[in-house]
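In: quick one: sequence and predicted model below, then my questions.
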Amino acid sequence: MEGPGELWRRLLFLLGRGRFNREMEEEMRFHLESRAERNRAEGMDGDEANYAARRRFGNAPLLEEKSREAWGWSALDHLAQDVKFAVRSLGRNPFFVVVVVLTLAFGIGVNTAIFSAVNVLLLNPYPFPQPERILSVDARHISGKNSNTGYRDFLDWQQQNSVFDAMAISPETGGYTLTGQGEPQRMTGGATTADFLRVLGVQPVVGRFFTADEDKPGAAPVAVLTYATWRQRFNGDAAVVGRTMTLNGQAFTVIGVLPRGFAYPGIETCAFFTALGESSSNSRNQHQYGVVARLKAGVTVEQAQSDMNTIAQRLEREFPATNTGWGVKVQPTGAALAAETGRLVWVLFAAVGFVLLLACVNVSGLLLARASGRTKEIAIRSSLGAGRGRIVRQMLTETVLLSLSGGGVGILLAVWLMKVLRAAAPQELALDATLHLNSAVLAFTVAVSLLTGIAAGLAPAWSASGAEPNSILKEDGNSWSRARSRNRLMAWLVAGEVALSVILMAGAGLLVKSFALALDVDTGLRVEHVLTFALNLPGAKYSSDSGVSTFYRDLLERLKNSPGVEAAAGVMTLPMTGGVTGGAFQVEGRAKAPDWVDTLVQYNASTPGYFGTMGIPILRGRDFNEQDNEAGLPVAIVNDALARQYFPNEDPIRHRYRDDPAYGGQWRTIVGVAANIQHQQPTKPPMPGVYLPHAQWPANSMWITVRGRGDAAQLAETARTAVRGLDGDLPLLKIRTMREVVGDSLAESRLAASLLSGFAVFALLLAAIGIYGIVDYSVRQRRREMGIRMALGATYGDVVALVVRKGALPAVAGVVVGVPLALAGAGVIRAMLYGTSPRDLTVFLGVPALLLVVALGASYLPARRAAKVDSMAALRCE
Amino acid sequence: MLILRSLDRLGPMHGYGIALHIQQMSESVLQVEEGSLYPALQRMLIKGWVKAEWGQTENNRRARYYKLTPAGLRQLTEEVSEFTRVMEAITRVIEPA
């Protein structure tokens, strides 16, 4: 029956507690004095009258407290008391506080940072309404391969489906050069179709998005700006609509601005969006576009899949030449991303979970040792009437206070770590825009801090509060049996700590080893002294194939004649940059394979001298030369993998094959075989591939590779001068040495390896501190015993051995438990390993050995101290 | 119930007065610790059955006087009727028929 009046009275009480206590005391005193007076009046003498009154009244302080508790605020009072007490008691031991807070800060900090990544990548991937309704729609071949979609198929899907609110081509990103506004500037733009914003479910904040009519070939070019571009380039001017931007020499009219925070992986670098302007006469088998769509309300992914299946079957019947074997796969977009990065993020999350657990165990050990120094204090408190629960709560308040401070410091660490993650994570993850400290991450930190405090403090508090106060106060404060039970708990903690360290360090060891192997893998390239950069000739200025060819020929000529340059060449797709152009491959005189997917090879184009510049040996035949141009005989060079696959028993030279119809279907004569190189990540096996002469298959964008004599980075200025001499408006993109290119392709494994090895070092440090602390504690407990042993003739060595065993035995137990768990854990990260077995012998022998050495070292220091004890002094001091 | 009844009969009283009254009325049959009166009075204050005010005693000492509120009176009536009902029931059961 808690009425509002009652609540009000309770609140008033809370404000006037001081007065309440005074009044209650006065009231009771009045009662006692009145009763004593009456007793005297009845004939008792003074003292007797007072005693009788008291007997009659009962336990006054207890009753006072009960009166106070009736108001229901006692929990708050106790908490305030506990906190005050905890601060005072911790203040007496600042070194202990620093060690514990830093340990917890690290544990909580790394968890916060990794959780922020989990939160962004796995829990909240898209900043759009109902992101789960945004699906990717891919063409899928019978063979099970997913692929992009031809534009005509896309149009049919868009018209014929009844399950999507909107369907669009996901933006094709491309480089644009902005001119006419000071220095020429490089920007990334995304070309998409009119319904793109409807798929994402957002509206422009200014103006509008383009329409289907503006997406036709030949329509006047329009651009929709991102919020950031609008603020930076146009100062957030609302009258931006109707202004023009010159991009690649073409005037684009600005028609709208997108809302803030408009980004998802893949398009986060786009500064604006334009119409794709694709011609509907485009063929069906040019599978070049990604498609995204928004599911209608009430339609399931399965229903969408079935509707799309029907459409795909219809298209197969109508266009057997191009669509036979092609189906459609509908799937959530978030899932595609999660599958790629999810494993890494979960592994890291598990690793930091172990780190936190380790920190907890360590702090538990330290608390336990500290509690042993407080047995008397606790015994006194409990004999004064504090219940076990009350004491546990008080000690937990202390640990929670510590863990919250640890959380506070941990957030600072987390903010720094997030910066590292943002810088190191692969670009496609778009962590730049999203990985920040936010309310969800803060809530996680607070929750983890509280839980950590309770988890770390519970065992020590329970063990410390369980003592029988009588025996402790009477004896010397550390009775033998209690010390024993605490020692057993400590041994468990050491074993747990070592087991956790084994798991973490083994995982880190495996990843570091595979990373080192991947760096050392022979890419088939000579990466030293090579500088690379990309150029993208604007189509408006370089509209003809011959213009492009001439530009690149002149540029390479200039570069070769520059001081310090040994060789220079161009290539369409630079190794290790992720981009691969695939296409069909058909050898003359052999039956055409039923499906081009099965004859997929990599297509690349290079200028003469490319193989020499990159140090790729020509195994047979010749490199391209200046005669392999538009006027010359169509030729190609194949790589060794292709030669072995298609010409296992003969020389491929002088054989003819036909290019993929999408690339013109030209018949070409093979003139050379080049050695395999690693084209994607160094850890993937080489694919069959062909190289065409750039002059016969020109493209506006190209990578330029320059080999010099000295430091590759110093070639950058030479390259800039050469480009500026030909075209002052053309920016050099992605200037890196080839060594950096190879290193960047391993960014993800590098990140995982460096984070995990950081955690592993921390684990080792914690294990060392933990073992040292615990052995040291037990030595202090047993000073008298050591004294007796030495008085009875034990040698220095005997005592050292005795103490070291104390730390070493649980460590061995920890290794025995940890190794099988680590082996199981290694299976989970198998896919992340390269050239390293998940049961790698070096790792699984090295890690336990290292931990045992550390355990022995950490036990030896206190052991030496114990053995140096002067036996008489030790016996006397008790 | 005893406290409420005392306040109802005699008007505002301090704690000691209530204790004395209960002792006299029950002719010392009900022997409880007198101090346990005070937590009980606090609970009634929370419920709003009584009000407390500081006043002067006959021999000029400061004391806290408790006064029955209308809500307290209702509570008393309710408790008394409930108690009487139970007593009557018990009486009927134990009386020889």
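Out: The structure has been received and is ready for your questions.
In: so what's the closest residue to A:Arg152 other than its chain neighbours up against?
Out: Distance criterion C-beta to C-beta, 6 or more residues apart in numbering or on different chains; nearest residue to A:Arg152, sequence neighbours excluded, is A:Arg284 at 4.7 Å. Bear in mind the C-beta positions are built from the backbone N, C-alpha and C, glycine included. Shown in contact with A:Arg284 (C-beta atoms under 8 Å, 6 or more residues apart in numbering or on different chains): A:Gly150, A:Arg152, A:Asp153, A:Phe319, A:Thr322, A:Asn323.
In: quick check, nearest of those residues to chain B?
Out: A:Asp153 (76.3 Å; C-beta to the nearest C-beta).
In: shouldn't that closest one be in contact with A:Ala139?
Out: Yes - contact status for A:Asp153 versus A:Ala139: in contact at 6.8 Å, counting by C-beta atoms under 8 Å.
In: backbone phi and psi for the residue of chain A found nearest chain B, please?
Out: Residue nearest to chain B within chain A (C-beta to the nearest C-beta): A:Gly58, separated by 3.3 Å. Dihedral pair for A:Gly58: phi 100, psi -170, per degrees, to the nearest 10.
In: ok, back up a step: which SS state does the residue nearest to A:Arg152 fall under?
Out: coil (DSSP: H, G, I helix; E, B strand; the rest coil).
In: arrange the contacts of A:Arg284 in TSV, one row each, with secondary structure as further columns.
Out: Listed next are these as TSV, based on three-state DSSP:
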residue	secondary structure
A:Gly150	coil
A:Arg152	helix
A:Asp153	helix
A:Phe319	coil
A:Thr322	helix
A:Asn323	helix
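In: could I get the residues you listed as JSON lines with neighbour count?
Out: Formatted as JSON lines, the contacts of A:Arg284 follow (neighbours: other C-beta atoms under 10 Å in any protein chain shown):
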{"residue": "A:Gly150", "neighbour count": "23"}
{"residue": "A:Arg152", "neighbour count": "21"}
{"residue": "A:Asp153", "neighbour count": "26"}
{"residue": "A:Phe319", "neighbour count": "17"}
{"residue": "A:Thr322", "neighbour count": "17"}
{"residue": "A:Asn323", "neighbour count": "22"}
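In: returning to that earlier point: tell me the contacts of the residue of chain A closest to chain B?
Out: A:Gly58 neighbours (C-beta under 8 Å, 6+ apart): B:Glu33, B:Glu34, B:Gly35, B:Ser36.
In: the second one is in contact with A:Leu32, isn't it?
Out: No - no contact is recorded between B:Glu34 and A:Leu32 when judged using C-beta under 8 Å, the distance being 9.1 Å.
In: overlap in contacts of those two?
Out: A:Phe57.
In: same drill for the two, tell me which one is more crowded.
Out: B:Glu34 (24 against 19; other C-beta atoms under 10 Å in any protein chain shown).
In: re the thing from before, joint contacts of A:Asp153 and A:Ala139?
Out: A:Trp326.
In: surely A:Arg40 is in contact with A:Ala52?
Out: No - between A:Arg40 and A:Ala52 there is no contact under C-beta under 8 Å: 9.9 Å.
In: mind checking the SS state of the closest residue to A:Leu357 other than its chain neighbours?
Out: Distances taken as C-beta to C-beta, 6+ apart place A:Leu500 nearest to A:Leu357, at 5.9 Å, with adjacent residues excluded. Following three-state DSSP, we place A:Leu500 in the helix state.
In: wait, what's in contact with A:Leu500?
Out: A:Phe354, A:Leu357, A:Leu358, A:Val361, A:Ala763, A:Gly818.
In: what kind of secondary structure is B:Thr77 in?
Out: Under three-state DSSP, the three-state class of B:Thr77 is helix.
In: from chain B, which residue is nearest to chain A?
Out: Counting by C-beta to the nearest C-beta, chain B gets nearest chain A through B:Glu33, at 3.3 Å.
In: that residue contacts A:Phe57, correct?
Out: Yes - assessed by C-beta under 8 Å, B:Glu33 is found in contact with A:Phe57 at 6.4 Å.
In: with neighbour numbers in mind, choose between those two.
Out: Shown here are B:Glu33 and A:Phe57; by other C-beta under 10 Å, A:Phe57 has more neighbours (21 against 13).
In: distance check, the more buried one against A:Glu64.
Out: A:Phe57 is 11 Å from A:Glu64, where distance means C-beta to C-beta, to the nearest Å.
In: ditto for A:Arg152
Out: Distance from A:Arg152 to A:Glu64, by C-beta to C-beta: 89 Å.
In: double-check that A:Met167 belongs to a strand.
Out: Yes - assigned with three-state DSSP, A:Met167 falls within a strand.
In: so what's it closest to, chain neighbours aside?
Out: Closest to A:Met167 by C-beta to C-beta, 6+ apart is A:Ala293, at 4.0 Å.
In: so who does the one you found touch?
Out: Neighbours of A:Ala293 in contact, by C-beta under 8 Å, 6+ apart: A:134-137, A:161, A:164-168, A:199, A:304, A:330.
In: noted, bye for now.
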